[in-house]
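J.: predicted model, plus sequence, below.
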Amino acid sequence: MPQMSAKVSRRRQSALRRYAILDTPKEGEFDDIVKFVASVCETPVALVSLLDTTRQWFKAETGLGRSETPLSQSICVQAVQVGGFVEIHDTLLDPLSCDNELCHGEQAVRFYAGAPLIAHDGHRLGMLCVLDMQPRTLTALQRRTIEVMAVQVMRLIELRSALARVDVLRREVDHRVKNSLASIAAVVRMQAGRTDHPDVRSALGEVQSRLTAQAALHEQLVIGNDSERADLADYLARLAPPLLTLLPEGVRLDVTAQPIELASEQLGRVGLIVNEFVTNTGKYAFAPDATGAVTVSGEWLDDDTYCITCTDDGRADEAALAAARDSKGLGARIINAATVSLGGASEWTLGNPGLRLEFRVEG
């Protein structure tokens, strides 16, 4: 029986481990392929077999009922050395398999056919194979099906690995953005502490406050959100703790929202609007020792319209309403731009008491 090269084996195992696929949960795409191949080839067993140090592990299987077997029971470990398609019409008559314990005794494997799973760098990581308990011969269409689907399995493995690398890169970028915002906020804070000019100190304080809030917004947007869409209610619940720090000690923040799934860009814009409202409310609506509440709510008005409302019960009058609507103010410009990008417009009104901001989003 041909023997594997230890050097090639170690290189293959190293290549396989770079894909971080061993011992991962079942995935429907791989399961669908083995079921399809088994159906076309009319065999009871089909496997996506990956060759590890002492075992062959099955990313997908049908008809076997096992997740792995030792290499001593692996025909794939010999077949993978051939380099191309392998068909063993009778395992007891072929030198690749005649001594394999899997091919003897009850429920012995008497037929094997498979195509190698070849990585982009040429390493053969395993086989897409079919097994039967009686000798047989595949048709040309069945052989071609296994070959084509082996390529598709490898593409899935490569795609899975690429997506994992992108996720790592995204997390690293998120971390760097958060740290950069925090660092800039710290520099602004130090500069504000060094100036004696009240207007400069106030302006720098406002910049520092917004940078700190944006760092918190960014962090909450990426935590637990590994997809391009997420639920607004969950996002606002995570956002509430950092927003509460923007309010005087005696003012509470109440956040309630009905579920709506939004794109991450939409979530960020909603968070920006809510942040501006809470920031301005904390600065102007309440005295330092005041008590009160700021409320952020979201609800479906009908099957197509979702409305977000921000209110406070602080001090407000027509002058405060005019200031909130003033398109020359930084906060107003931020809110207007964000609501326009959401496909609507913001509406400011006087509450009873306080101010009320209302805007709509499309899911």
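T.: Looks like it arrived, so ask away. This structure is a prediction, so every number in the text was calculated from the model and none was measured.
J.: how far does stretch 319-330 sit from its chain's centre?
T.: Relative to its parent chain, stretch 319-330 has a centroid offset of 39 Å by Cα atoms, centre = their mean, to the nearest Å.
J.: next, the buried residues of it.
T.: By neighbour count with 16 or more other Cβ atoms under 10 Å, stretch 319-330 contains the buried residues Ala320, Leu321, Ala323, Ala324. For the C-beta atoms, the positions are set from N, CA and C on the backbone; glycine is no exception.
J.: please apply the same query to stretch 233-253.
T.: In stretch 233-253, counting by 16+ other Cβ under 10 Å, buried: 234-236, 238-240, 242-244, 246-248, 251, 253.
J.: quick one: distance of stretch 300-320 to the chain centre.
T.: 33 Å.
J.: average pLDDT for it, rounded please.
T.: Per-residue pLDDT over stretch 300-320 has a mean of 89.
J.: contacts for that stretch, please.
T.: For stretch 300-320, contacts defined as Cβ atoms under 8 Å, 6 or more residues apart in numbering pick out 251, 257-258, 260, 270, 273-274, 277-278, 281, 284-287, 290, 292-299, 350-351, 353-363.
J.: what comes up buried for it?
T.: By neighbour count on 16+ other Cβ under 10 Å, the buried set for stretch 300-320 is Tyr306, Cys307, Ile308, Cys310, Thr311, Asp312, Asp313, Gly314, Ala316, Ala320.
J.: same check, this time on stretch 283-294
T.: Applying 16+ other Cβ under 10 Å to stretch 283-294 flags Lys283, Tyr284, Ala285, Phe286, Gly292, Ala293, Val294 as buried.
J.: and if you look at stretch 105-122?
T.: Buried residues in stretch 105-122 (16+ other Cβ under 10 Å): Val109, Arg110, Phe111, Tyr112, Ala113, Gly114, Ala115, Pro116, Leu117, Ile118, Ala119.
J.: which of those residues fall in strands?
T.: Members of the buried residues of stretch 105-122 lying in strands (criterion: DSSP state E): Phe111, Tyr112, Ala113, Gly114, Ala115, Pro116, Leu117, Ile118.
J.: rewinding a little: secondary structure added to the buried residues of stretch 233-253, as CSV?
T.: Shown next, in CSV, are the buried residues of stretch 233-253 (DSSP: H, G, I helix; E, B strand; the rest coil):
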residue, secondary structure
Asp234, helix
Tyr235, helix
Leu236, helix
Arg238, helix
Leu239, helix
Ala240, helix
Pro242, helix
Leu243, helix
Leu244, helix
Leu246, coil
Leu247, coil
Pro248, coil
Val251, strand
Leu253, strand
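J.: looking at these, which is nearest Pro44?
T.: Ranked by distance to Pro44 (Cβ to Cβ), the buried residues of stretch 233-253 are led by Asp234 at 45.2 Å.
J.: which two among the buried residues of stretch 105-122 are spaced furthest apart?
T.: Longest span within those, Cβ to Cβ: Arg110 and Ala119, 30.5 Å.
J.: returning to what we had before: can you select the buried ones from the contacts of stretch 300-320 in ChimeraX?
T.: The ChimeraX command for the buried members of the contacts of stretch 300-320 (criterion: 16+ other Cβ under 10 Å) is given here:
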select :251,257,260,270,273,274,277,278,281,284,285,286,292,293,294,295,296,297,298,351,354,355,356,357,358,359,360,361
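J.: of the contacts of stretch 300-320, which belong to strands?
T.: 251, 257, 292-299, 350, 355-361.
J.: now do the phi/psi pair for the nearest residue to Pro248 once chain neighbours are set aside.
T.: Once flanking residues are discounted, Pro248 sits nearest to Phe286: 5.1 Å by Cβ to Cβ, 6 or more residues apart in numbering. Here is the backbone geometry of Phe286 (degrees, to the nearest 10): phi -130, psi 140.
J.: could you work out the most separated pair of the buried residues of stretch 319-330?
T.: Maximum pairwise distance among the buried residues of stretch 319-330 (Cβ to Cβ): 7.3 Å, between Leu321 and Ala323.
J.: now the strands for the protein?
T.: Along the chain, counting by DSSP E, strands occupy 45-51, 55-62, 68-70, 86-88, 111-118, 124-132, 229-231, 251-257, 261-263, 292-300, 306-312, 347-350, 355-361.
J.: show me the shaky parts of the stretch 251-363 of the chain.
T.: Residue ranges of the stretch 251-363 of the chain with pLDDT under 70: 327, 363.
J.: from the centre of the chain, give me the residue that's furthest out.
T.: Leu93 (49.4 Å; Cα atoms, centre = their mean).
J.: any idea how far it is from Pro135?
T.: Leu93 sits 8 Å away from Pro135, going by Cβ to Cβ, to the nearest Å.
J.: what is the mean pLDDT for stretch 34-44?
T.: For stretch 34-44, mean pLDDT rounds to 96.
J.: list the buried residues for it?
T.: Val34, Val37, Ala38, Val40, Cys41, Thr43.
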